[in-house]
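> quick one, fold the following:
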Amino acid sequence: MLLVEDEPDDAHLLIRAFRKAGIMNPMRHLQDGDEAVAYLSAIAPYDDRQKHPFPIVTLLDLKLPRRSGFEVLEWIRGEPLLKRLPVIVLTSSAHGSDVSRAYDLGANSYLVKPVAAAALDQMVETVHAYWIRLNRPADMASG
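The predicted structure is shown next:
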């Protein structure tokens, strides 16, 4: 999994919730949109896929420095080898315009970050159950 989140506290809480749920999938945390593009493009320092594996799901905040989550999402959907990568927008914005724009740009899901720890834990378990255990991913290599 790839987590693109600039708020250290939010990233810490999300990573903790995944560990608490017993989810062992490796999670890579990046802090801005440019880092996400470099990682997904396998550009140095992320060019070694043994160390930096391709994610099966990307959790993407919208309000990111350098390149917004919207820009990252639009870039992903424009890349032939990435256009099928599941992208879950995970943000604090519940604005209808943000929800609509994210789906228009190709988000697979739009989740608003819960404030309460118990709600966050439940959301993480649901994300894991659907996107990791149940969802059958597209063959990324077939474009």
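
> residues touching residue 36, list them.
2, 4, 30, 58, 60, 64, 67, 72 (C-beta atoms under 8 Å, 6 or more residues apart in numbering). Glycine gets a C-beta too; all of them are placed from N, C-alpha and C.

> let's have those residues in JSON lines, adding neighbour count, distance to residue 79 and secondary structure.
Conversion of those to JSON lines gives the following (neighbours: other C-beta atoms under 10 Å; distance: C-beta to C-beta, whole Å; DSSP: H, G, I helix; E, B strand; the rest coil):
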{"residue": "2", "neighbour count": "22", "distance to residue 79": "14", "secondary structure": "strand"}
{"residue": "4", "neighbour count": "29", "distance to residue 79": "15", "secondary structure": "strand"}
{"residue": "30", "neighbour count": "23", "distance to residue 79": "17", "secondary structure": "strand"}
{"residue": "58", "neighbour count": "25", "distance to residue 79": "12", "secondary structure": "strand"}
{"residue": "60", "neighbour count": "26", "distance to residue 79": "14", "secondary structure": "strand"}
{"residue": "64", "neighbour count": "24", "distance to residue 79": "18", "secondary structure": "coil"}
{"residue": "67", "neighbour count": "17", "distance to residue 79": "14", "secondary structure": "coil"}
{"residue": "72", "neighbour count": "27", "distance to residue 79": "11", "secondary structure": "helix"}
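
> what segments of the chain are helices?
Remark: helices assigned in the chain by DSSP state H are 8-20, 33-41, 69-78, 96-104, 117-127.

> list the buried residues of the first one.
Residues of helix 8-20 classed as buried by neighbour count (16 or more other C-beta atoms under 10 Å): 10-11, 13-15, 17-18.

> go on, the second one?
Neighbour counts using 16+ other C-beta under 10 Å place 33, 35-40 of helix 33-41 among the buried residues.

> which one of the residues you listed is nearest to residue 111?
Ranked by distance to residue 111 (C-beta to C-beta), the buried residues of helix 33-41 are led by residue 36 at 17.4 Å.
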